[in-house]
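Undergrad: Got a predicted structure plus its sequence, pasted below:
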Amino acid sequence: MRNFIFTLLLTMAVTCQLVAQRDCTSFEYEQQKLQADPSLKNKINNLESFIQRNLTSPSNIAGKPHAGSVITIPVVVHILYNKSQENISDEKVFSQIKVLNESFRRLSADTVNTPEWFKGIAADCGIEFKLAISDPERRSTTGIIRKYTPVTKWGIDDEVKSSARTGADPWDTQNYLNIWVCNLDRVAGYSSFPGGPEAEDGIVIAYNVFGKNSRTGYEQGKTAVHEIGHWLGLRHIWGDGYCGDDWVDDTPKQGNFTPGCPIGIRPSCSNGTKGDMYMNYMDLTLDACINLFTEGQKERVRTLFEEGGARYTIVSSYALLAPTNNEPRPTEEPPLSGDHKIYPNPATAEIILDLSYDIRWIGQPIRVTNVQGQSVMQATVNSKIVKLDISRLKPGLYFLMTKKDDGATIKQKFIKM
């Protein structure tokens, strides 16, 4: 009975995770991908074998400085917005890049808060981030892409990474770290994992925790630091299980995630007088109390950039080289309205259905009925702007109807003169 009660309490704690502290669902995301494609397990196992071989090589000794070899990762930020407040400023993006560089280079002012007993293994990872200056066609770019979307909230199903679902397709994931910023539903962020599907590679962050912001507990922009840690192969500090394994030797065993912003020594899992490393970026502690990666974590992520590693190609990316294509990048104007429009109405020969706010209508059937409910015309949405020839219809009142895959419907009346 005691074991049952303990298991129940642990399950409740994990269930409450999204409410109690930093909302990261990267582990759940990974499990979904593994369930959908069991072959990914072999890729992850092979990658882990690669990491362990490189960690045990003489050139990779824990505590070794990175010897001036700084890895620079090119970044493209896709901002998906439905409401104006979700269309975050360039300055907020710049602030996030600054936070990433300070955190991965151990330059943040709050590193003074690292406990003395952990300072000896706190690491400058030798990793920096820069916004891309060349797009995949080698045209000039700021590395910041903005796109209106009719979607009001996104989940962890990767639809935000698909233009066909009114999200944004990733740029070449072998050469860019793709970051999607959007209105995430109930979570702060999630990340793909090394070895996962290339077309879905990158991290997704809620717009209200991206960069320096005003959301209490997330105001320092460290959610992206945490998620990029996952993108670089780091697990949660507690190993996503009670006293689990995060595959890093110098992080102490830990019973579970750490909510809030604690102080002092918090022992668990017989981890001795030093206790939990809840100030590690890979815990779920709030921003004000996380301030380090360890030497072991540094060595783990840096192996991914060695030849044969999952992030090796990004080291020689063209994204930070001067553009060679003088063509201007295409721009996409947001629709004037976040809804469909039908015009002219009344009409004599043609009506136009404007669906430019949501390309997911393309491919859906259209049916026109008279007031008796009889079908008098059928068509298919084949573009954002649909033109229907109604010249053969008798004068009178008609109804145009269509339905989208997600259940959304349009039923609009019009008058044929």
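TA: Nice, I can see it.
Undergrad: how about residue 85, secondary structure?
TA: Following DSSP: H, G, I helix; E, B strand; the rest coil, residue 85 is assigned to helix.
Undergrad: just residue 400 next, same as before
TA: strand.
Undergrad: OK, contacts around the closest residue to it other than its chain neighbours?
TA: Spatial nearest neighbour of residue 400, excluding adjacent residues (C-beta to C-beta, 6 or more residues apart in numbering): residue 412 at 4.9 Å. In short, each C-beta sits where N, CA and C put it, glycine included. Listed by C-beta atoms under 8 Å, 6 or more residues apart in numbering, the contact set of residue 412 reads 340, 342, 353, 399-401.
Undergrad: hang on, residue 412 in a strand?
TA: Yes. Secondary structure of residue 412 (three-state DSSP): part of a strand.
Undergrad: Mind pulling up the pLDDT for it?
TA: Note on residue 412: pLDDT of 91.
Undergrad: Look up how far residue 355 lies from it.
TA: Separation of residue 412 from residue 355 (C-beta to C-beta, to the nearest Å): 11 Å.
Undergrad: What of residue 411?
TA: From residue 411 to residue 355 the distance is 14 Å (C-beta to C-beta).
Undergrad: Comparing those two, which shows the higher neighbour count?
TA: Per other C-beta atoms under 10 Å, whichever of residue 411 and residue 355 has more neighbours is residue 355, with 24 against 11.
Undergrad: Which among the contacts of residue 412 count as buried?
TA: Those of those that meet the buried threshold are 340, 342, 353, 400, by 16 or more other C-beta atoms under 10 Å.
Undergrad: helix, strand or coil for the third one?
TA: If I follow you right, that is residue 353. strand.
Undergrad: next one: residue 34
TA: For residue 34, the assignment made with three-state DSSP gives helix.
Undergrad: Got the domain ranges for this structure?
TA: Domain ranges of the chain: 21-316, 341-416, per automatic domain parsing.
Undergrad: Quickly compare those domains and say which is most buried.
TA: domain 21-316 (a mean of 19; mean count of other C-beta atoms under 10 Å).
Undergrad: So for that one, mean pLDDT?
TA: Rounded mean pLDDT across domain 21-316 is 93.
Undergrad: returning to that earlier point: looking at the contacts of residue 412, spot the one nearest residue 298.
TA: Residue 298 has its nearest neighbour among these in residue 340, at 52.2 Å by C-beta to C-beta.
Undergrad: For that closest one, list the residues it contacts.
TA: 353-355, 357, 361, 410, 412.
Undergrad: now do the same end-to-end measure for stretch 155-172.
TA: Stretch 155-172 has an end-to-end distance of 23 Å (criterion: C-alpha to C-alpha, to the nearest Å).
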